[in-house]
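Enquirer: this one's sequence-less:
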């Protein structure tokens, strides 16, 4: 099982080595595999949403980063609010601090197997547990419509905020948010076959939602 | 059909406790677009039979019987394309190299006698099948649906597909294969023989064969090659 380490953007110095590994993984997955952007000379991928609003969960196996998530409260600028607001025609662009945008989830290529108890499912369980502990109501963001049923496979309930639309190179995408509650956590734990918490942190436990955030100066 | 209809459907889809209730509702919605028939099914691949994969059957009865009896899924370009497509498509958008095959043309000719002249397919990921698809059929030749209607249909079909698998009890299960079965399957996937696998894992060849029988049964396939394909697709193994 992974250890899911949680830290805020301001705490990234506590994870200097893992952070570096992860930015390189992001470059490999989002730029070299998916070709979202032009390659960066330094071989790392970052974007404008890597800032003080973000909390990160890195899944570690034997100290190595194997999976990840970036969480940002929706009262701060998000990928949905700044780039894809037109995908929220139905419900409006989410702006509540207890709605959390979830982006940058990757799994290292050699661990993209394993079925229900996969590394990805373990990461999903960590995201749900942390969001629940932090008082979030919903977590979600923009995603491929084709893979939307996967949430149902984990026993999670989703709500679309608008109709699906085509994104060049990614197919039909939709903005959808998942209900954060005890049921959702219980259901994914059933799928995983374990109730053990994977969550870890170094230093102070980071707070997800604005206002409670622990800030660090470097 | 309005956006409200589509989002209302999504909001109530979990209230349907039976496949029949889900089918009735989805059919009602589809009829607003001019689609009288629909089928929601796992997409058969590698010679799988269609019938056991079907979750919602709103096809004309005579047509479904004939389609299954004659194993049309192998030659029907719509069905073949559904296994390859990560996005929804109108029947008329299936690549011509598939549509123009004589066997396919014959099938589509027969389908038209049952009131299936044009249609639209929504595909989605499945934990249980290669993938899952909903095919909507219309008696109107060359039925055109606009972009917004396609989006509405795709959204409803995706939620219906996920709910159908939940009603069938295909979701929320643990990993179907044991660690050892996956290990053996991975060795087969990279081309090793039962004998070689037995030696590598220090077990008898009979045990390897038994593991192979088990994973084939659990995955509902007859051959090890097919088991490899399904297991890779479902990411149970990563050879």
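Expert: That came through fine. Keep in mind that what you see is a predicted model, and the values were worked out from it rather than measured.
Enquirer: Give me the phi and psi for residue A:56.
Expert: When quoted as degrees, to the nearest 10, the phi and psi of residue A:56 stand at phi -120, psi 150.
Enquirer: ah, wrong one, I meant residue B:134
Expert: When read as degrees, to the nearest 10, the backbone of residue B:134 gives phi -110, psi 130.
Enquirer: Kindly report the same for the one 4 residues further on.
Expert: In terms of degrees, to the nearest 10, the main-chain angles of residue B:138 are phi -130, psi 150.
Enquirer: pretty sure it contacts residue B:34?
Expert: Yes. Using Cβ atoms under 8 Å, residue B:138 is in contact with residue B:34, at 5.0 Å. Every C-beta, even on glycine, is put in place using the N, C-alpha and C of the backbone.
Enquirer: who has more neighbours, these two?
Expert: Neighbour count, other Cβ atoms under 10 Å in any protein chain shown: between residue B:138 and residue B:34, residue B:138 has more, with 22 against 17.
Enquirer: who touches the more buried one in this structure?
Expert: Residues counted as contacts of residue B:138 (Cβ atoms under 8 Å, 6 or more residues apart in numbering or on different chains) are B:33, B:34, B:35, B:36, B:37, B:116, B:117, B:118, B:119.
Enquirer: of all these, which comes closest to chain A?
Expert: For the contacts of residue B:138, the residue nearest chain A by Cβ to the nearest Cβ is residue B:33; the value is 14.1 Å.
Enquirer: per-residue confidence at the residue lying closest to residue B:25 once chain neighbours are set aside?
Expert: Nearest non-adjacent residue to residue B:25, counting by Cβ to Cβ, 6 or more residues apart in numbering or on different chains: residue B:16, 6.3 Å away. Listed pLDDT for residue B:16 reads 96.
Enquirer: likewise residue B:236?
Expert: pLDDT for residue B:236: 75.
Enquirer: Any figure for the gap between it and residue B:125?
Expert: 14 Å (Cβ to Cβ, to the nearest Å).
Enquirer: So these two - more neighbours on which side?
Expert: Summary of the neighbour comparison: residue B:236 and residue B:125, criterion other Cβ under 10 Å, with residue B:236 having more neighbours (25 against 22).
Enquirer: quick revisit: would CSV of the contacts of residue B:138 with pLDDT be doable?
Expert: Output for these, formatted as CSV (pLDDT from 0 to 100):
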residue, pLDDT
B:33, 93
B:34, 95
B:35, 97
B:36, 96
B:37, 97
B:116, 97
B:117, 96
B:118, 96
B:119, 97
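Enquirer: hmm, which helix or strand of chain B has the shakiest average pLDDT?
Expert: Using mean pLDDT, DSSP states H and E, the weakest-scoring helix or strand in chain B turns out to be helix B:224-233, at a mean of 86.
Enquirer: can you list contacts of it?
Expert: B:45-48, B:130-131, B:177, B:182, B:185, B:188-189, B:212, B:215-216, B:219, B:221, B:237-239.
Enquirer: Would you mind checking these for buried ones?
Expert: Taking 16 or more other Cβ atoms under 10 Å in any protein chain shown as the criterion, what is buried in these is B:45, B:48, B:130-131, B:177, B:182, B:185, B:188-189, B:212, B:215-216, B:219, B:221, B:237-238.
Enquirer: just curious, which of those is nearest to residue A:123?
Expert: Distance to residue A:123 across the buried ones among the contacts of helix B:224-233 (Cβ to Cβ) is lowest for residue B:238, with 16.4 Å.
Enquirer: That closest one contacts residue A:107, correct?
Expert: No. Judged on Cβ under 8 Å, residue B:238 makes no contact with residue A:107 at a distance of 10.3 Å.
Enquirer: List the buried residues for the helix ranked longest in chain A?
Expert: Scanning chain A for the longest helix, with DSSP state H as the assignment, gives helix A:119-133. Within helix A:119-133, the residues that count as buried by 16+ other Cβ under 10 Å are A:119-132.
Enquirer: Same list (those residues) but as TSV, adding distance to chain B and pLDDT.
Expert: Putting the buried residues of helix A:119-133 into TSV (distance: Cβ to the nearest Cβ, whole Å; pLDDT from 0 to 100) gives the following:
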residue	distance to chain B	pLDDT
A:119	10	92
A:120	9	92
A:121	9	92
A:122	12	95
A:123	14	97
A:124	13	97
A:125	13	97
A:126	18	98
A:127	18	98
A:128	14	98
A:129	17	98
A:130	21	98
A:131	20	98
A:132	18	97
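Enquirer: the domain parsing of chain B - what is it?
Expert: B:3-167, B:179-233 (automatic domain parsing).
Enquirer: Please identify the most buried of the ones you listed.
Expert: With neighbours taken as mean count of other Cβ atoms under 10 Å in any protein chain shown, the domains of chain B reach their highest mean count in domain B:3-167, at a mean of 19.
Enquirer: And residue A:150, its phi and psi?
Expert: Dihedral angles (degrees, to the nearest 10) for residue A:150: phi -60, psi -30.
Enquirer: Then residue A:142?
Expert: Main-chain dihedrals, residue A:142, degrees, to the nearest 10: phi -80, psi 140.
Enquirer: Check residue A:73 too.
Expert: phi -60, psi 140.
Enquirer: And the helices in chain A?
Expert: A:16-26, A:79-82, A:119-133, A:149-153, A:182-192.
Enquirer: got the contact list for the residue minimising distance to the centre of chain A?
Expert: Centroid check for chain A by Cα atoms, centre = their mean gives residue A:69 as the closest residue, at 3.0 Å. Residue A:69 sits next to A:56, A:57, A:102, A:103, A:104, A:105, A:123, A:126, A:127 when contact means Cβ under 8 Å, 6+ apart.
Enquirer: Quick check: closest non-adjacent residue to the fourth one.
Expert: On the basis of Cβ to Cβ, 6+ apart, the spatially nearest residue to residue A:103 that is not a chain neighbour turns out to be residue A:70, at 5.0 Å.
Enquirer: okay but the one you found is in contact with residue A:123, surely?
Expert: No. With contacts counted by Cβ under 8 Å, residue A:70 stays clear of residue A:123, the gap being 11.7 Å.
Enquirer: can I assume residue B:41 sits in a strand?
Expert: Yes. Residue B:41 sits within a strand when classified using DSSP: H, G, I helix; E, B strand; the rest coil.
Enquirer: Once you drop chain neighbours, what's closest to it?
Expert: residue B:54 (4.4 Å).
Enquirer: I'd say the one you found and residue B:39 touch.
Expert: Yes. Assessed by Cβ under 8 Å, residue B:54 is found in contact with residue B:39 at 6.5 Å.
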